[in-house]
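Enquirer: next one to model:
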Amino acid sequence: MSHSLCLPNYSVGEDCYQKIGYYARHCGKKAAVIGGKTAMEKARDALLQGIDGSGIEILDFIWYGGDCTYENGQVLMDNEAVRQADMLFGVGGGRACDLCKYVATKLDKPLFLFPTVASNCASVTAISVMYHPDGTFREDYYPNLPEHTFIHTGIIAGSPYALLWAGIGDALSKECEAVFASKGATLKFEPLMGVQLSKVCTEPLLMYGAQALAACREKRVTPELEQVVLDIIVATGLVSNMTTRIPEYYYNSSLAHCVYNGATATQFGGRHLHGEIVALGVLCLLTYDGQLEQRNRIMAFNHQIGLPVCFDELDIDESEFEAIAKRTQAGAEWQFRAPDITEESFIQCMRQQNQAGRAFLAAMQQRGG
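Expert: Numbers count the residues shown, from 1 in each chain. Alright, predicted model coming up:
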């Protein structure tokens, strides 16, 4: 049986919006912009300058609704400007990009994405994480890829520090999850490429992450910032697209994202950013897999830049671990897990990492670190 693999196209740089007209030239002349309120405000002038002289008309700037839910998607699909548009422009962070992918796929319209933060790889992947209206994880949806993604490093350099910080935490999961999820499998061409590519995702973060965060704090575009942004958005996104073919296989993510999916059901988990929780999930996965040297290395990095090393730092109590394990079972990460991963062993690895993280923090406090 035949299949197709679409890989993301992107432009990066402070002048990348100047290429909108070229890449959209075959998609029509009317566009509706959908995104976050702040994101659209920050990108609006550069976007309008980018389409100047291209003949593209923007029909409206439309708020995406605040979360990636099917309900918000229906509101957008019922919007007259969205229906009249030849193409859609999605502007913002991960949830806005994910919802735009869902809407564009349902309406069969070309989509161009303009990430304004580097918090995840949503703007180049064929996965949308869908939520219930109460903010809890619902399921994964598999949309079409955008036609092109425009990564404006100037806008991202001016984005909230916390979102780049969380983006580093999310990207830290790509290598360990892809390698762990595919362990023991006979990999065909595409997933084999994806898993091998995942092995370039971790080191740039450890090497340039702190410098990129410093640049973001100062709102400066630097080589280190660009390397980290491309790692978070493009490298991890390529891995995602190569390692996902439901229902045949799913090596894109694993236990680190199980921790995140389940944490949305806890009392205070919703207060924390996606990548912040995933960063702790990485440590849980490495603990489960016995990779203690790598776990300790990443635990030290997490602590250096302020990412969590134990559940106390996420305001999650061990009494909530069972709820985490129950909630996460709706996700592809759990459905495609290795047979030896049980609810009990998943809970146990969270307990073990919590103990290791507490011990690490106590040792650092004694040293004054």
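Enquirer: other residues contacting the longest helix seen in the chain?
Expert: Longest helix in the chain, counting residues (DSSP state H): helix 343-367. For helix 343-367, the surrounding residues in contact (Cβ atoms under 8 Å, 6 or more residues apart in numbering) are 255, 258-259, 280, 283-285, 287-288, 295-296, 299-300, 303, 308-313, 318, 321-322, 324-326, 328-329. Where C-beta positions appear, they are placed from N, C-alpha and C, glycine not excepted.
Enquirer: if we use 6 Å, what do you get?
Expert: For helix 343-367, the external contacting residues (Cβ atoms under 6 Å, 6 or more residues apart in numbering) are 283, 284, 287, 288, 299, 309, 310, 311, 321, 325.
Enquirer: how far away from the center of its chain is it?
Expert: The chain centre lies 25 Å from the centre of helix 343-367; the measure is Cα atoms, centre = their mean, to the nearest Å.
Enquirer: what residues of that helix count as buried?
Expert: Along helix 343-367, these residues count as buried under the neighbour rule (16 or more other Cβ atoms under 10 Å): 346, 347, 349, 350, 353, 354, 356, 357, 360, 361.
Enquirer: swap in stretch 212-226?
Expert: 212, 213, 215, 216, 221, 222, 224, 225, 226.
Enquirer: for stretch 253-263, same thing?
Expert: Judged by neighbour count using 16+ other Cβ under 10 Å, the buried positions of stretch 253-263 are 253, 254, 255, 256, 257, 258, 259, 260, 261, 262, 263.
Enquirer: which members of those are the farthest-apart pair?
Expert: 254 and 263 (15.2 Å; Cβ to Cβ).
Enquirer: so which of the contacts of helix 343-367 are in helices?
Expert: Residues of the contacts of helix 343-367 located in helices (DSSP H): 283, 284, 287, 288, 299, 321, 325.
Enquirer: of these - the most surrounded one?
Expert: Neighbour counts for the ones in helices among the contacts of helix 343-367, by other Cβ atoms under 10 Å, peak at residue 283, which reaches 32 neighbours.
Enquirer: tally of neighbours for the spatially closest residue to residue 53 that is not a sequence neighbour?
Expert: In space, and not counting its chain neighbours, residue 53 is closest to residue 21: 7.1 Å by Cβ to Cβ, 6 or more residues apart in numbering. Other residues near residue 21 come to 15 when the count uses other Cβ under 10 Å.
Enquirer: and residue 21, what helix or strand is that in?
Expert: Element membership for residue 21, per DSSP states H and E: helix 20-23.
Enquirer: any idea which residue sits dead centre in this structure?
Expert: Compute the mean C-alpha point of the chain, and by Cα atoms, centre = their mean the closest residue is residue 120, 2.7 Å away.
Enquirer: hmm, back to that, and the buried residues of helix 343-367 as CSV, adding pLDDT?
Expert: Listed next are these as CSV, based on pLDDT from 0 to 100:
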residue, pLDDT
346, 96
347, 97
349, 97
350, 97
353, 98
354, 98
356, 97
357, 97
360, 97
361, 96
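Enquirer: tell me how far residue 121 lies from residue 102.
Expert: As judged by Cβ to Cβ, to the nearest Å, residue 121 and residue 102 stand 16 Å apart.
Enquirer: please apply the same query to residue 117.
Expert: Going from residue 117 to residue 102 by Cβ to Cβ gives 19 Å.
Enquirer: how close does the closest residue to residue 5 other than its chain neighbours get to residue 101?
Expert: Distances taken as Cβ to Cβ, 6+ apart put residue 190 closest to residue 5, at 5.6 Å, once the chain neighbours are dropped. Noted for residue 190: a distance of 20 Å to residue 101, by Cβ to Cβ.
Enquirer: give me the more crowded residue out of those two.
Expert: Counting neighbours by other Cβ under 10 Å for residue 190 and for residue 101 shows that residue 101 has the greater number, 28 against 17.
Enquirer: secondary structure class for the more buried one?
Expert: Three-state call for residue 101 (DSSP: H, G, I helix; E, B strand; the rest coil): helix.
Enquirer: who's in contact with the nearest residue to it once chain neighbours are set aside?
Expert: Spatially, and ignoring its direct neighbours in sequence, residue 101 is nearest to residue 143 (3.9 Å; Cβ to Cβ, 6+ apart). Applying Cβ under 6 Å, 6+ apart to residue 143 gives the contacts 101, 102, 105, 128.
Enquirer: can I assume residue 139 sits in a helix?
Expert: No - using three-state DSSP, the assignment for residue 139 is strand, not a helix.
Enquirer: just the strands from the stretch 51-200 of the chain, written as ranges.
Expert: 57-63, 87-92, 111-115, 128-131, 137-141, 148-151 (DSSP state E, counting those that start in this stretch).
Enquirer: most packed of the ones you listed?
Expert: Using mean count of other Cβ atoms under 10 Å, the stretch among the strands of the stretch 51-200 of the chain with the greatest mean number of neighbours is strand 111-115 (a mean of 28).
Enquirer: ok and that strand relative to strand 87-92, angle-wise?
Expert: If you take axes from the mean of the first three to the mean of the last three Cα atoms, to 10 degrees, strand 111-115 sits at 20 degrees to strand 87-92.
Enquirer: packing partners for strand 111-115?
Expert: When contacts are defined as 3 or more Cβ pairs under 6 Å, 6 or more residues apart in numbering; DSSP states H and E, strand 111-115 sits against strand 87-92, helix 94-107, strand 148-151.
Enquirer: would CSV of those with mean pLDDT be doable?
Expert: Below are the helices and strands packed on strand 111-115 laid out as CSV (pLDDT from 0 to 100):
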stretch, mean pLDDT
strand 87-92, 98
helix 94-107, 97
strand 148-151, 98
